[in-house]
Structure formats: C-alpha cells, structure tokens
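In: Model the following, please.
(2 chains)
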Amino acid sequence: MVADGVNAAETRNLTKIFAGRKALDGVDLEIRAGAIHALLGANGSGKSTIVKLLTGVYQPDSGVIAIGGCEIGSIASPRVASSLGVAVVHQEAPFIDTLSVAECIAQFRGYPTQSGRIQWPRLNRDVRAMLERFDLAIDPGTLAARLSAAERALIAMIIALDGVRSDVRLLILDEVTAALPRNQAEPYLDRVATLARSGIGVLMVTHRLAELHGRASKATVLRDGAVAYEAEVRDIDEARLIEEMVGPKKEHAKVSTVSVRNRRSPGSCSESEQEHLGEVALLVQGLTGATLRNLSFEVRHGEIVGIAGLSDSGVTELPKFLAGLQAPTGGQIGVSGKPVPLGASPRALIKAGMVVLPADRLRSGGVASLSVAENVLLPDLARFWLKPRRESEFIERIVGLFDVRPAAPGTLFGKLSGGNQQKAILAKWLALKPQVLVLDDPTSGVDPAARQKIFELLREAASNGIGVLAFSKEPKQLAAFCSRVLVIREGSVASELTGDASDRQTIGRWCYA
Amino acid sequence: MIATVFKRYTTLLILIALLSVFSLLSPQFLTSLNLKNLLVVQVTVCCMAFAAILPLIVGEFDLSLGYALGFIMMLGAFLGGFGFGATIIPAMLVAGACIGVTNGLLRISFNISSFIATLGVGIVSSGITQGMSGGAVLYSGIPPILTATGQHEFLGFKISVWLTSGLALVLVFILEHTPFGRQLYAIGGSERVALLAGIRLNFYKVLAFAGAGLLVGIAALFELGQSGGANPLFGPELLLPAYAAAFLGVTTYRPGYFNIPGAVIAIVLLAVGFNGLNLLGVPYWLQPIFNGIVLILAVITAVAEGRQILK
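Out: As a prediction, the model looks like this:
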C-alpha cells in the first residue's frame, strides 16, 4: 500500500477535445492516498470524461496524469490503467442474475480448473475468502438475483479491486450510489471509507452532497469541463457548491428573463393564459411507489408545469405511473375531475384524456420501421378507416403544422432526425386532443431549432386548454418554458417555484440540496 | 425509380426469368395441364404460409402449424367416418381457430415464449391425431364438396386456386386497409410503442394466433379434398415450407414486412423452380438444395435492405 502523504493520482492541465468542443479544459486534480475525494458536477460537466481518461478508455489531448507519484502522461488502455493500480466500479453492477455469486466472480477472474474440469470447492473457497476480506457474510452459492443493491455494489467493488494487476492505488466509484436506496448507501459508504483508510485513494463521482459528510475529505466541482470549485469537505460552503454546479446566475438569468417576458408579453399569451387557466386537468394525490412518497400536486388546464429532480428522487418513476406502464402502490390520479383507477392500462389512461410522450424516443416513442403517417395515426387508426383521402389530407396538415421534416408522411420514422421524431410523436399525441399532455425529457437529443418549435407547440397546446406536465433532466429547459416548476426530492414535492424564481439556478439548488 | 421497382419485385423478376428459361428448355413446361397442376398442389402450402405470417407480423412464432394441419384433417376424416357429411367443414374451421386461441392464451396469460407454447400444443395435437386415426389412413365420408374444389375448374383454374386467391385478397385488405391490420404491424414494429399508444396488445396477439389457426383449418379443408383422406403422419413436413415462403415473401411487394402477396410470389417461384428442374430431369434431391439456397440468399438481401431502412 502507498504511504500517506503521497497522492494516489494527479492530473495537471488535463484537456480533452471531442468534435472541436473542449469536454475537459485544463483540469488539475489531486486525489490523496487514504482519502475519499468527491467529484461533483451537472450532466455534461466532464465527470465521466475524467473517469475515462484515468481508466485509459480515452487519452487526453494535452496534460499529464500521474498515478502513485509516477508521471505517465496518458494511459494507453484500460489494461495499462489496471497494471498501474487503477480500479473502477461502474453504476451497473456486472452480474448475470441467473448465476451464483461465485460464478459471477469467476467470469472475471476465471474458473480454477484441474485438467480442464472446474474445481468447485476451490472456487467457492476462494470467493468466500475474497468476500470475508471485506467482512461480507454472503454464501458464494447465492444467486446473484437475490443480492441486495448494497451487496451488489460491494461485490462489484471487490471484483474491480481483484481485477487490478498490481497494488491498488486509485479506486474510482462512478455514480455507484445513485443506484442504491438511501438506507443501503450508508453502510456501503462506510465500507468504502474503511477501504480508503487502508491507503487507497478513492475518487467518488456522485450527485449526492449529503453522503459526503464525515467520509470525504475533499470535493471538486466541475462545470463545462473545468474545475469550478474545490474545497476541503470540512469547510465547504454548500450554497456556493450548488451554485457552482448549476452555473453563474448572470449568464443564465438572461435566458430566463427573455423567455419569461416572451411568455408574459401583453396581448399574446398572458390574457389567453389567464382565460384558460381554469379547472384542474391533472390531479395527483398521495402517489406512492418504490421511490415516490405521498406525492401530491395538480396541473390546471392551460398551464405548463415542470418537474425537476435528481434521478433517484422519484422523477423517473412518476412518468411510468402516468403512462400506465407501472402501477403505483398507493394514491390517486384524476384527469379532468374524473378519478383514474390505480394501475390503469395505457389504453385506459389515453381514453381518460392523458397522453405521455416517453423519454426514449426509439424504444417507446415511435415505431422506427413504420412511416411517419402510421406513427402519427397509431393511437387512432379507426378514425380514418376506409377514408384514405381524408386520412392523407389530415396527415399532410399535421405534418405541416408540426413542421416535421422531411414533409413527406411516407418517410420511415427511423430515418428522421431526433428533433423531427419528437415533433412527430408530439403530433401523434396532440392529434388526440388530450386533456393532459405529459412530456418525459422532451428536448434530449433535440436540435435547438426543433427545440424552439417544440416549445412553441407546447405553448400553443397550453393556450388551447391542455394541461402540460414536463419532466426534464436539464433545469435550463424547464426554466425556458414552464410557468411553474415542482422540485421533487426524496419522493415528494420539496418546493414549488413560480415566475422569476423558476430559473435554472433556483431549480438546481432545490434539486441538489 | 426503376431501381426501387427492381428491388421490390426481384423475386417476381426471377420468377419471370425462370418461366422463360424453362419454357425454352422444356416443351412440356408451358402446357396448360402442367401449369394447372403446378398451382393446385401449392394451395395447401399457400394457406399454411398465410397462417405463419399472422403471428410473424406481431413478432411471434407458431410451431404448431404442421401438427395442427394433420390434426384438423384427421378430425375431419374421423367425423366424416361417422357420417357427419358437410358439417365437418365448420367443425374443422372451429377446431383450427380453437388451437390458435389456445396458443395465444398460453402465450399471453403465462407469458411463455410462443416457441414453447405452440410446440407444446402441436405435440399434444399430434398425439390426438394418432389416437383418432388408430394408426390407419382415414378416407371414408369425405364430403364431395371438398373433393370438388381440387378437381373442378372455373375459368381454366381449379376452384381451390380461385378460393385461395380470394383468401389472399381478403387478407391483404385486412392487413393493409383495416385499423386491425395496421395495428398488428405496429405491434411487430415495437410492442412498447404499441402498448403506450393504447393498443390492446394481448388481445391482438391472441387474434393473430386464432387467425393462424383458422387459416390452418382452411388449408386442412383443401388438403383433405385433394388427397381424399387423412394420413396420421401428414402435416409437420409443411411447417418449414410455410415459413420459408413467409420469409421469402419479406423481400417482395412490401420489402421488410411480412406480407401476403410476397409469400404467394415466393411459393409460385419455388414451385416453378421445382417443376422446371423436374422436367429437365434434374435429380429430385437437388430440389431442397435449390429451395434452401433461394431462401437464404433472398433473406440476406432483405436483411441488408432492412439495415438501410433503420439507419
């Protein structure tokens, strides 16, 4: 093991360019041996690029990496990284659910054999010893599917450490705790802390600030590929840290005031908005699931409400409930004053007047092998049965209205760009004239022009009295077009931001706090 | 434009090429008797291919088709033996639909793979077939209306050929011009999207299997009429040709999708190939080799095109 005082790993002026854009721009990082170093940052800030440079997946365009005090410039491959003593654990635990723990581990370190035959007793003995070294009382014969989330994470870590082809100097945990329920994250982190104390440097990529306390020694915040803030955890300024994660206020206040003014400009929207802001379109009361806890809110007709939150807050579960893909364990959903039974099918929810634009366009949004026309008409094919002329007129009009390009309805959906696919899916749902339109991450992978068009269409939908509920992983997007933003934390609404308060910074602060 | 037409109808062009080559090489080939016989023996496999296509469109396999054909024919002959006469016709159709519904319900209620569900149902029905036959070929009491379809002619073609053509047209209409058919294709394209669009996935899948069973019932009617009896061992050998035609059909008419006209063209192509090679005196065992190679080559081209479609 490495003596205290030496850095487990260091980077100096690390720069990586992708397609002419600097993903990392001169990052200096010192990861001390024997301590946990937290690496924070919003999506796209460069966290995962650093991980990939340190593990040899990518090589830097300039800058220097040093592992265990020995400078090596760049790490040529994951194999080299491993021989330098770098271990990495990814969020997805590398298990085959149908195999035993011993066999899962054997996939990585190989089966002990004697003249070609697997020596089961030896495999079990070895695995038991590996697990015991980390105080894990798990039988090697346990089926991987039966492991708890924390056990999976721990065994994944053991596998990663075991795979390193020299003394372990640096252990990278890449958003591992995001997959853990909070009560299981605590004991897991305690183990990591114990491991760090034995002299290993641990780089923890994470979203959660709270779990740092008492465990991490240093925290670095990345923003736009550069270090925005760095401090010892004991004298960290949390408000500052969050501010640095979401970005400076000035730059972005411009964006949001412009859009706010747009929305509220006299004569155009504000009057009609007032007029249509009427009855409750979507009522959610006490909704409870695996991560949601007693979530309640309402969306009125003519209103665009945004929902923000970190991935473990429950925001990923809610759209599935609203689409009818999963049944909540408790609570009530009502559309336009009529209650919808819990666990109603997608069909029933559509009939009730609620449609959901899902997050993964190609898997859930549209059928790639069918034409744009077929996709748009899919939920309502019977409407134009034996009326091919009216059907094609209708589809021509819709394609023009939603500005789907190319404007040929016969084009295969899979051939469209991301933005045009999204417009086509939006057309599919709005053609049904729903009461409530739910959008799950509507702007991801959508080009700016299409994004503007989508915002415009959503505002129009709202002014026609549709209640719009939008989920987004990017607070900036919500700030740009929502009149109200609900921030979800730990399964329920932590805050409701309206008007000027619903800017990106405030949303970010509430999410991360 | 010409390129797309060529791509769409490659199999049809190969068929025309084969027809001209064989008519040049063999004087018997272009005789009306030869062509009529060529078509009439394809009626059963044609209906079987239609039966394979319905579950394939929704992304499912029906391995019971061959066994079910034998079972339904045997059921008809068995009931005919008791003097039921023409009432065996509806009985056979209902039996086919019942087998299909069973397949579909097993598939969706227990969420088991359609391979396993339909294989199991097929094997069970083959057992019942053996039981009904008592190990012998049953040929008494087949209603004359059935035998007539394979013997009498109308406007130069056997009645069974006309009926099959009509059936093909009805299926094309259902699959392409009704909401039901278009939703089936959507389910095959993406179950998840279809579910989220409010399509009753499970119900439609059962309907697809039921339709397949019904079509096997029709195939059984034609075959019973043509052969005049039910052999307990007959049936399973038609499974693979039916699927071969269904897959080959993907290359034609609506490239990339399972479709009826494509399968019909494929069947005629293979039949012409068989017949022509036969007349030319090529050894009989070259025939399966020809069929297999045509199938693989055609599907390779289709897959290559499919990749272009999706990218």
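In: rest of the way, CA atoms for contacts and neighbours
Out: OK.
In: Tell me the residues on chain A that lie near chain B, please.
Out: Counting by Cα under 8 Å from any Cα of the partner chain, chain A comes close to chain B at A:323-325, A:345-348, A:350, A:363-370, A:374, A:378-379, A:381-382, A:385-386, A:412, A:414-415.
In: Now with 7 Å, please.
Out: Within chain A, the positions lying close to chain B (Cα under 7 Å from any Cα of the partner chain) are A:346-347, A:350, A:363-369, A:378-379, A:381-382, A:385, A:414-415.
In: Just the buried residues from the residues you listed, in ChimeraX please.
Out: Burial among the residues of chain A next to chain B is assessed by 16 or more other Cα atoms under 10 Å in any protein chain shown; the matching ChimeraX selection reads:
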select /A:346,347,350,364,365,366,367,368,369,378,379,381,414,415
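In: Which residue is it, in the stretch 1-150 of chain A, that comes closest to chain B?
Out: The stretch 1-150 of chain A approaches chain B most closely through A:T98 (17.6 Å), counting by Cα to the nearest Cα.
In: Am I right that that residue sits in a strand?
Out: No: using DSSP: H, G, I helix; E, B strand; the rest coil, the assignment for A:T98 is coil, not a strand.
In: per-residue confidence for it?
Out: Confidence at A:T98, expressed as pLDDT, is 88.
In: same check, this time on A:G85
Out: So, for A:G85, pLDDT stands at 91.
In: residues contacting it?
Out: The neighbourhood of A:G85, defined by Cα atoms under 7 Å, 6 or more residues apart in numbering or on different chains, consists of A:V164, A:R165, A:S166, A:D167, A:V168, A:R169, A:L170.
In: Work out for me the element the most centrally placed residue in chain A sits within.
Out: By Cα atoms, centre = their mean, chain A has its centre lying nearest to A:S311, at 5.1 Å. Assessed by DSSP states H and E, A:S311 sits outside every helix and strand.
In: what does A:G306 give?
Out: According to DSSP H and E, A:G306 maps onto strand A:304-308.
In: then the helix or strand just after that strand to CSV, C-alphas only?
Out: Later in the chain than strand A:304-308, the nearest helix or strand by DSSP H and E is helix A:317-323. Provided in CSV are the C-alpha atoms of helix A:317-323 (Å, rounded to 0.1, in the frame of the first residue of the first chain):
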residue,chain,number,x,y,z
GLU,A,317,-40.9,6.6,-11.6
LEU,A,318,-43.7,9.2,-12.0
PRO,A,319,-43.9,9.2,-15.8
LYS,A,320,-44.2,5.4,-15.8
PHE,A,321,-47.2,5.7,-13.4
LEU,A,322,-48.8,8.4,-15.6
ALA,A,323,-48.2,6.3,-18.8
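In: Pairing partners for the very next helix or strand once past helix A:317-323, with directions?
Out: Moving toward the C-terminus from helix A:317-323, the next helix or strand (DSSP H and E) is strand A:330-335. According to DSSP bridges, strand A:330-335 has the following sheet partners: strand A:280-288 (antiparallel), strand A:338-340 (antiparallel).
In: export the ones you listed to a markdown table and tack on mean neighbour count, distance to B:I300 and mean pLDDT?
Out: Shown next, in a markdown table, are those (neighbours: other Cα atoms under 10 Å in any protein chain shown; distance: least, Cα to Cα, whole Å; pLDDT from 0 to 100):
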| stretch | mean neighbour count | distance to B:I300 | mean pLDDT |
| --- | --- | --- | --- |
| strand A:280-288 | 21 | 50 | 93 |
| strand A:338-340 | 14 | 48 | 92 |
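In: Nearest to A:Q119, out of those?
Out: Using Cα to Cα as the measure, strand A:280-288 is the one of these that comes nearest A:Q119, at 48.0 Å.
In: residues making contact with the closest one?
Out: By Cα under 7 Å, 6+ apart, the surrounding residues in contact with strand A:280-288 are A:293-301, A:328-337, A:435-436, A:467.
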